[in-house]
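Q: Fold the stuff below for me.
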Amino acid sequence: MRNLTVDIGNSRIKISVFDIDEQIFSQVFDMLTADALAPIIDNYKVGRAIISSVTGYDYDYVTWLNEHLKTVILLSSSVKVPVKNGYGTPETLGMDRLAAVVGAAHIKPGAPLLVVDAGTAITYDYMSADSTYYGGNIAPGALLRLRSLNEHTDRLPLVDMRSHHCTEILGQNTQDAIWNGVVRGIAYEIEGYISYLKERESNLEIFFTGGDAFFFEKYIKSSIFVVANLTAIGLNAILNYNLN
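A: Numbering: from 1, shown residues only. Below is the predicted model of the structure:
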């Protein structure tokens, strides 16, 4: 019996199928339906599911999963997780953040961890070596920053982060200045968190995930692990933890 993980984010819905700890299928949806899930459940012999959502669980396919699977867990602060949650207000914590940290701890158990999730928002989350999650910070993601400059000013253009590039640290035109300000600014921001935490934990392990992780990887000088499916790994670990 295999596990299904569903990660409902701000922009996309990511699903994965796991056979114990091995991810054997993944797909990204703009919108998910029971009709789309049905053949996946059938073809991969899925019997259990865990769902994490930053927008709530009021979806028809959640009801459908409850009707067709043996176990369905809707991740919340009341669900058991294999780490200690030291967040001050656990009921307000985004479950995707917690799942990503659990995923990192599953890969590197017993190490202090920084997880950087670069998507619509950029989140920074810290876990100590004794597997206590202490929380972190939230910042606007790259696209939000680029759109904000364009939409809230009269003359600044919308710069495409991936098609544009600037080799100089200081921009010599407006597009370069915006690209540098956002892209290099985020890179410096990330390096700042790494530097601060490494002063406290010299053996800090740094994980990168999210839709922009591979883009920013090349601008980070520190040694990092880029794991695209880190949240899915964490969700699968939480599901297995609750079944054992």
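Q: from here on, contacts and neighbour counts on C-alpha atoms
A: Noted.
Q: for the nearest residue to residue 239 once chain neighbours are set aside, helix, strand, or coil?
A: Closest residue to residue 239 apart from its sequence neighbours, by C-alpha to C-alpha, 6 or more residues apart in numbering: residue 50 at 6.2 Å. The three-state assignment at residue 50 reads strand, by DSSP: H, G, I helix; E, B strand; the rest coil.
Q: Report how many residues lie close to residue 50.
A: The tally of other residues near residue 50 (other C-alpha atoms under 10 Å) stands at 22.
Q: all strands of the chain, in order?
A: All strands of the chain, identified by DSSP state E, fall at 2-8, 13-19, 22-29, 46-53, 71-74, 84-85, 113-118, 121-127, 132-140, 205-209, 225-226.
Q: Out of these, which one sits most buried?
A: Most buried of these, by mean neighbour count (mean count of other C-alpha atoms under 10 Å): strand 113-118, with a mean of 26.
Q: same for that one, what does it pack against?
A: Using 3 or more C-alpha pairs under 8 Å, 6 or more residues apart in numbering; DSSP states H and E as the contact test, the elements touching strand 113-118 are helix 95-107, strand 121-127, strand 205-209.
Q: As a markdown table, those with mean pLDDT and distance to residue 171 would be great.
A: Shown next, in a markdown table, are the helices and strands packed on strand 113-118 (pLDDT from 0 to 100; distance: least, C-alpha to C-alpha, whole Å):
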| stretch | mean pLDDT | distance to residue 171 |
| --- | --- | --- |
| helix 95-107 | 96 | 34 |
| strand 121-127 | 96 | 24 |
| strand 205-209 | 96 | 27 |
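Q: which one of these lies closest to residue 199?
A: Closest approach to residue 199 among the helices and strands packed on strand 113-118 is made by strand 205-209 (12.8 Å; C-alpha to C-alpha).
Q: Run the angle between the helix of greatest length in the chain and strand 121-127 for me.
A: For the chain, the helix with the greatest residue count under DSSP state H is helix 185-200. Per axes from the mean of the first three to the mean of the last three C-alpha atoms, to 10 degrees, the angle that helix 185-200 makes with strand 121-127 is 10 degrees.
Q: Let me know the angle separating helix 185-200 from strand 205-209.
A: Per the same axes, to 10 degrees, the angle that helix 185-200 makes with strand 205-209 is 150 degrees.
Q: buried ones in helix 185-200?
A: Neighbour counts over helix 185-200 (16 or more other C-alpha atoms under 10 Å) mark 186, 187, 190, 191, 194, 197, 198 as buried.
Q: Most widely separated two among the residues you listed?
A: The widest separation within the buried residues of helix 185-200 (C-alpha to C-alpha) is 18.3 Å, between 186 and 198.
Q: The residue nearest to residue 239 contacts residue 70, correct?
A: No - using C-alpha atoms under 8 Å, residue 50 makes no contact with residue 70, being 11.4 Å away.
Q: So for the two, which residues contact both of them?
A: With contacts defined as C-alpha atoms under 8 Å, 6 or more residues apart in numbering, no residue is shared by residue 50 and residue 70.
Q: returning to that earlier point: just list the residues touching the residue nearest to residue 239, thanks.
A: Taking C-alpha under 8 Å, 6+ apart, one finds 3, 4, 5, 6, 72, 73, 74, 75, 235, 236, 239 in contact with residue 50.
Q: could those residues go into TSV alongside distance to residue 139?
A: Output for the contacts of residue 50, formatted as TSV (distance: C-alpha to C-alpha, whole Å):
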residue	distance to residue 139
3	32
4	29
5	26
6	24
72	31
73	29
74	26
75	23
235	23
236	27
239	29
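Q: Could you dump those into a markdown table with pLDDT and distance to residue 177 added?
A: Shown next, in a markdown table, are the contacts of residue 50 (pLDDT from 0 to 100; distance: C-alpha to C-alpha, whole Å):
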| residue | pLDDT | distance to residue 177 |
| --- | --- | --- |
| 3 | 98 | 46 |
| 4 | 98 | 44 |
| 5 | 98 | 40 |
| 6 | 97 | 38 |
| 72 | 96 | 48 |
| 73 | 97 | 46 |
| 74 | 96 | 44 |
| 75 | 96 | 41 |
| 235 | 98 | 39 |
| 236 | 98 | 42 |
| 239 | 98 | 45 |
